[in-house]
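Trainee: Sequence below, structure please.
(chains A and B)
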Amino acid sequence: MLGIKALPREEIEAIFSLAKSFQEISTREVKKVPALRGKTLINLFFENSTRTRTSFELAAKRLSADVVNFSASSSSLAKGETIIDTVKNLEAYHPDIFVIRVGSSAALYALTQHTEASIVNAGDGRNEHPTQALLDMFTVSQQLGSCEKLKVLIVGDILHSRVARSNMFGFRKFASQIILCGPPSLVPFDCAEEGIRVEYDLDAAVESADVIIMLRVQQERQTSAFFPSLREYSKNYALTPRRLARARKDALVLHPGPVNWDVEIHSSLKWRVHPLILKQAENGLAVRMAVLFSVGTKKRTL
Amino acid sequence: MTALPRSCLLTKEEIAKTLYRLACEVVEQHGKLNEVVLIGIHTRGVHLARRLRALIREREGIQLPLGILDITFYRDDLTAIGPKPVVRETKVDFDLQGKTVILVDDVLFTGRTVRAALDEIIDFGRPQRIELLVLVDRGHRELPVKADYVGKNIPTQRNAVVEVRVQEHDGADEVILKKR
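Mentor: Here you go, the predicted model:
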């Protein structure tokens, strides 16, 4: 599974229905089913990640797959091996699934040409992070009954955010409307297409939203100064009690984590928003189990 | 596609009588029933288990705990059946430790479903004993599995289809045989 863009709505719904079954498994005494017994999964992370990797690893283990973790920093990439050679070498072990995070979508696409195994995208540069969007949408549909015809506000660094992109593709498949909000330097001006509206004033943007997705300020991804200071960013684009009071009472606040408290969300709102953000992490496990189950029980990528 | 030749193996009335007899057998076998639980295998096994529970309640005044099992994740042919199996609810919200589990399914055929169900039940806990109750045993076992309570033994050809239809799910009670 490489992205939400190419994923039909029916496939998304099938993943949600599987994820619901997998939620139940994590509440059992023996939190494991033999669905992917004998399959090998390689977590191949050319960029750092603990949360996504852990989530995929646990998901695979709860399906009884064997998991190997491979991260760039501790590998022969440091010795100068190319990404493609790395994959070809691992291919010699006959893995069934690669979960890959890599800095560019071109690299991810190139890798698909060099392996027989299924590939699950765990983030490719600025392009997509499909399982994050699926877990966001799954969380929303569990809370509100569906992802249909909602107003989804995405706040923050839209320009660098693969989470935002995948969510934009995903929610629009359910006829939801997307509102993007952030500093003009971080909201690409040409992104307003059908179903997408850009709003630079967060006070106004929160008013009609059913779902508010706060993005993390990714300081590691910004090569030059896109906003003057964190203080100014949070003054204009942090979710504060005053701003949240303008939103609908039952508006859902999501965050892909980890939250920089007081930068994206005011820490006094922790009691209100943190439970759902933690629920997202919990749902992430079930959604990733569903994705791995879907790709692991058939031959090629979704 | 032309319809397959079909014949009725059990009518509504016969199913009702058979289930009543099976309920009596369970009661006869277990006396007080206080350690007995029922677990139905999706889809029709669940409906049959519910009916057995109602019959036992009418007779003995005891409501047995009822669990629901979907065995999809325990199947041995997951890669063969295609990418999108329909997975339904699994719900066993009582302790199995020391209990006698009566596993309920509609048709006993190769025994593979029962094998998967046994593995799944054991992941939920360690029952004292597991018994198997089926409405129809049609033969052709591929595993050493035997039912403890059988509604009706029906010898069939390997490639025939035995279909149990229940009111709750299919709109009618009947067991039919389709020949290929």
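
Trainee: only C-alpha atoms for contact and neighbour calcs from this point on.
Mentor: Will do.

Trainee: At which residues are the helices of chain B located?
Mentor: With DSSP state H as the criterion, chain B has helices at B:12-30, B:44-60, B:112-124, B:167-170.

Trainee: I'd like the distance from the third one to the chain centre, please.
Mentor: From the chain centre to the centre of helix B:112-124 is a distance of 13 Å (CA atoms, centre = their mean, to the nearest Å).

Trainee: buried ones in it?
Mentor: Judged by neighbour count (16 or more other CA atoms under 10 Å in any protein chain shown), helix B:112-124 contains these buried residues: B:112-118, B:120-121, B:124.

Trainee: Could you list which of these also contact chain A?
Mentor: Restricting the buried residues of helix B:112-124 to those near chain A by CA under 8 Å from any CA of the partner chain leaves B:120, B:124.

Trainee: Which member of the buried residues of helix B:112-124 is positioned nearest chain A?
Mentor: Relative to chain A, the closest of those is B:Phe124; by CA to the nearest CA it sits at 6.4 Å.

Trainee: Would you agree that closest one is in contact with A:Thr27?
Mentor: No: if you go by CA atoms under 8 Å, B:Phe124 and A:Thr27 don't touch, sitting 10.7 Å apart.

Trainee: low pLDDT regions in chain B?
Mentor: Scanning chain B for pLDDT under 70 picks out the ranges B:1-4, B:80-84.

Trainee: Spatially, what comes nearest to the residue nearest the centre of it if we skip its sequence neighbours?
Mentor: In chain B, the centroid-proximal residue (CA atoms, centre = their mean) is B:Asp105; its distance is 0.8 Å. Spatially, and ignoring its direct neighbours in sequence, B:Asp105 is nearest to B:Gly45 (3.9 Å; CA to CA, 6 or more residues apart in numbering or on different chains).

Trainee: re the thing from before, which one of the buried residues of helix B:112-124 is nearest to A:Gln280?
Mentor: B:Phe124 (26.3 Å; CA to CA).

Trainee: residue contacts, that closest one?
Mentor: A:28-30, B:92, B:96 (CA atoms under 8 Å, 6 or more residues apart in numbering or on different chains).

Trainee: Enumerate the residues of chain B near chain A.
Mentor: So chain B meets chain A at B:73-75, B:78-79, B:82-84, B:87-90, B:120, B:123-125 (CA under 8 Å from any CA).

Trainee: Buried subset of the residues you listed as a ChimeraX selection?
Mentor: In ChimeraX, this line selects whichever of the residues of chain B next to chain A come out buried by 16+ other CA under 10 Å:
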select /B:73,74,75,78,83,87,88,90,120,124,125
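
Trainee: and the residues of chain B next to chain A, which of them are in strands?
Mentor: Using DSSP state E, no member of the residues of chain B next to chain A sits in strands.

Trainee: would you list every one of the helices in the stretch 201-302 of chain A?
Mentor: Per DSSP state H, counting those that start in this stretch, the stretch 201-302 of chain A carries helices over the ranges A:202-205, A:230-237, A:241-246, A:270-296.

Trainee: Identify each buried residue in the shortest one, please.
Mentor: With burial defined by 16+ other CA under 10 Å, the residues of helix A:202-205 counted as buried are A:202-203, A:205.

Trainee: Can you tell me the closest non-neighbouring residue to the residue in the stretch 201-302 of chain A that chain B sits nearest to?
Mentor: At 4.7 Å from chain B, A:Thr297 is the closest residue in the stretch 201-302 of chain A, using CA to the nearest CA. Closest residue to A:Thr297 apart from its sequence neighbours, by CA to CA, 6+ apart: B:Thr79 at 4.7 Å.

Trainee: And for A:Ser21?
Mentor: Nearest residue to A:Ser21, sequence neighbours excluded (CA to CA, 6+ apart): B:Glu89, at 6.4 Å.

Trainee: Check A:Met137 too.
Mentor: Nearest one to A:Met137, counting by CA to CA, 6+ apart, is A:Cys147 at 6.5 Å.

Trainee: what about that neighbour, which SS state?
Mentor: coil (DSSP: H, G, I helix; E, B strand; the rest coil).

Trainee: and it, how far is that from A:Phe171?
Mentor: Separation of A:Cys147 from A:Phe171 (CA to CA, to the nearest Å) stands at 7 Å.

Trainee: Pull up the overlap in contacts between these two.
Mentor: Common neighbours of A:Cys147 and A:Phe171 (criterion: CA under 8 Å, 6+ apart): A:Met137.

Trainee: hang on, A:Lys61 in a helix?
Mentor: Yes: using three-state DSSP, the assignment for A:Lys61 is a helix.

Trainee: and the gap between it and A:Arg246?
Mentor: Distance of A:Lys61 to A:Arg246, computed by CA to CA: 43 Å.

Trainee: Neighbour count for these two, which is higher?
Mentor: Ranked by neighbour count (other CA atoms under 10 Å in any protein chain shown), A:Lys61 and A:Arg246 place A:Lys61 first, with 20 against 14.

Trainee: Could you check the pLDDT of that one?
Mentor: pLDDT, A:Lys61: 97.

Trainee: dump the residue contacts of it.
Mentor: Contacts of A:Lys61 by CA under 8 Å, 6+ apart are A:32, A:67.

Trainee: export the helices of the stretch 201-302 of chain A to JSON lines and tack on mean pLDDT?
Mentor: Formatted as JSON lines, the helices of the stretch 201-302 of chain A follow (pLDDT from 0 to 100):
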{"stretch": "helix A:202-205", "mean pLDDT": "95"}
{"stretch": "helix A:230-237", "mean pLDDT": "91"}
{"stretch": "helix A:241-246", "mean pLDDT": "95"}
{"stretch": "helix A:270-296", "mean pLDDT": "96"}
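
Trainee: and the helix or strand containing A:Gly170, what does it pack onto?
Mentor: Per DSSP states H and E: A:Gly170 is located in helix A:162-172. Secondary-structure packing of helix A:162-172 (3 or more CA pairs under 8 Å, 6 or more residues apart in numbering or on different chains; DSSP states H and E): helix A:130-144, strand A:177-181.

Trainee: Please report the distance of the residue nearest to B:Leu33 when sequence neighbours are not counted from B:Val92.
Mentor: In this structure, B:Leu33 finds its nearest non-sequential neighbour in B:Val27, 6.9 Å apart by CA to CA, 6+ apart. Distance of B:Val27 to B:Val92, given as CA to CA: 22 Å.

Trainee: now swap in A:Thr139 and tell me
Mentor: 25 Å.

Trainee: One more: A:Asp250?
Mentor: For A:Asp250, the distance to B:Val92 - CA to CA - is 33 Å.
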